[in-house]
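Visitor: Any chance you can model this:
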Amino acid sequence: MIDLNYQQASEVSNNILTTHEALDEALLKLSALTQSMVHASRGAGMSAGKNQKALEAISEGLSGLMVSRRSFVAAHKHMIVIRNNSNQQVTDFGCNLNEKSPKGSAAALRAVA
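Guide: Numbers count the residues shown, from 1 in each chain. Below you'll find the predicted structure:
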């Protein structure tokens, strides 16, 4: 069994959650940028070819971000396996990929009591 320090494992969990939020926020920002670029181009009466390269670059960035998010989700799954094979297996850090569990839940309180 892996012996994880509670405070360090909790810090990892907090960083996982904020990283997920940051990746999702980046996806939203890139989507908003794409939308605003299309609207601005239309408003300026630009032909489709004038902004094609810029839109393709944004699209590549969005695709790359999705690849990064997929890799991060896979890493998160591996970290859950590690936690489940440790002394912190019953600790609810709020990092379940299938459902959002609130930080400081009863399971977390029981685990440290």
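Visitor: For the helix or strand hosting residue 11, what does the pLDDT average out to?
Guide: Per DSSP states H and E: residue 11 is located in helix 6-43. The pLDDT scores in helix 6-43 average 95.
Visitor: If you count neighbours, what's buried in it?
Guide: Buried residues in helix 6-43, counted by 16 or more other C-beta atoms under 10 Å: 9-10, 12-13, 16-17, 20, 23, 30, 34, 41. Where you see a C-beta, it was placed from the backbone N, CA and C, and this is true even at glycine.
Visitor: now swap in stretch 83-93 and tell me
Guide: 83, 88, 91-93.
Visitor: now do stretch 77-84
Guide: Buried, per 16+ other C-beta under 10 Å, within stretch 77-84: 79-80, 83.
Visitor: for stretch 67-74, same thing?
Guide: Applying 16+ other C-beta under 10 Å to stretch 67-74 flags residue 69 as buried.
Visitor: got it, and stretch 41-52?
Guide: In stretch 41-52, counting by 16+ other C-beta under 10 Å, buried: 41, 51.
Visitor: Next, format the buried residues of stretch 83-93 as a markdown table and append distance to residue 66 and secondary structure.
Guide: As requested, the buried residues of stretch 83-93 are exported to a markdown table (distance: C-beta to C-beta, whole Å; DSSP: H, G, I helix; E, B strand; the rest coil):
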| residue | distance to residue 66 | secondary structure |
| --- | --- | --- |
| 83 | 26 | helix |
| 88 | 30 | coil |
| 91 | 31 | coil |
| 92 | 29 | coil |
| 93 | 25 | coil |
